[in-house]
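K.L.:
pasted the sequence and its predicted model underneath.
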Amino acid sequence: MLEKVKKEIVKYSRLLYERGLVGAAGGNVSMKINNYILITAGGKSLRDVELEDILVLNENIEIIEAKLQKKPSKETVLHISIYQVRNDIDSVIHVHPIYVTGYSVRGKQIPIITASSRLKLKEVPLVGYADPGSSELAALVKNCVKESPGYVNAVALTSHGLIAFAKGLSTCFDITELVEETAKIAFISENLKI
């Protein structure tokens, strides 16, 4: 069971990189199975993630299984904080897509202007700034997700990127792509000279 989940995390980690949703060694992907959290290792580019780069943790962030002394992503607490307030999900993706991050640097929510985003996203809240990997960031995200309507499945992080969460990694990936596509279309439409 866990091996199958690891393979899915590897697949989507690489796909996130290939689609330009994250660069360098940024981003992290996790899935929750029963009382276990499987998450990508820290300091590893998603383009190169292998099965041995997926760690198994319990909900107390204790390592149950790790190969080659790898450490979990520094955003592990962030992922767990979302699982704590959304028991209807089992997947979390954190990436740094260019257009989403561009809006977040300006302190702007992504305009929900396309038919698809209105139907599937409805809104993408913007979380205030806190340093990556910090307990402050995890607390801000946890509070935002907890206070948001149940249909919210993505939040933007000021000057940092995007977190998407859903039931199923495929759905989570689709949300990630849709948010970035929406941000890109919004940017283009705002800058068209007519």
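P.N.:
Cool, the structure landed.
K.L.:
all helices for the chain, in order.
P.N.:
2-18, 76-85, 98-105, 115-120, 135-147, 169-191 (DSSP state H).
K.L.:
in a markdown table, list those helices along with distance to Lys67 and mean neighbour count.
P.N.:
Using the backbone N, CA and C atoms, a C-beta is placed for each residue, glycine as well. Below are the helices of the chain laid out as a markdown table (distance: least, Cβ to Cβ, whole Å; neighbours: other Cβ atoms under 10 Å):
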| stretch | distance to Lys67 | mean neighbour count |
| --- | --- | --- |
| helix 2-18 | 11 | 18 |
| helix 76-85 | 17 | 21 |
| helix 98-105 | 31 | 19 |
| helix 115-120 | 37 | 13 |
| helix 135-147 | 26 | 17 |
| helix 169-191 | 21 | 18 |
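K.L.:
okay, now the unreliable bits of the chain?
P.N.:
194 (pLDDT under 70).
K.L.:
follow-up on the earlier one: right, so of the helices of the chain, which gets closest to Asp53?
P.N.:
Minimum separation from Asp53 across the helices of the chain (Cβ to Cβ) falls at helix 2-18, 7.8 Å.
K.L.:
and the angle from that closest one to helix 169-191?
P.N.:
Counting by axes from the mean of the first three to the mean of the last three Cα atoms, to 10 degrees, helix 2-18 lies at 10 degrees to helix 169-191.
K.L.:
on contacts alone, who are the packing partners of helix 2-18?
P.N.:
Counting contacts by 3 or more Cβ pairs under 8 Å, 6 or more residues apart in numbering; DSSP states H and E, helix 2-18 packs against strand 28-33, strand 36-40, strand 54-58, strand 91-95, helix 169-191.
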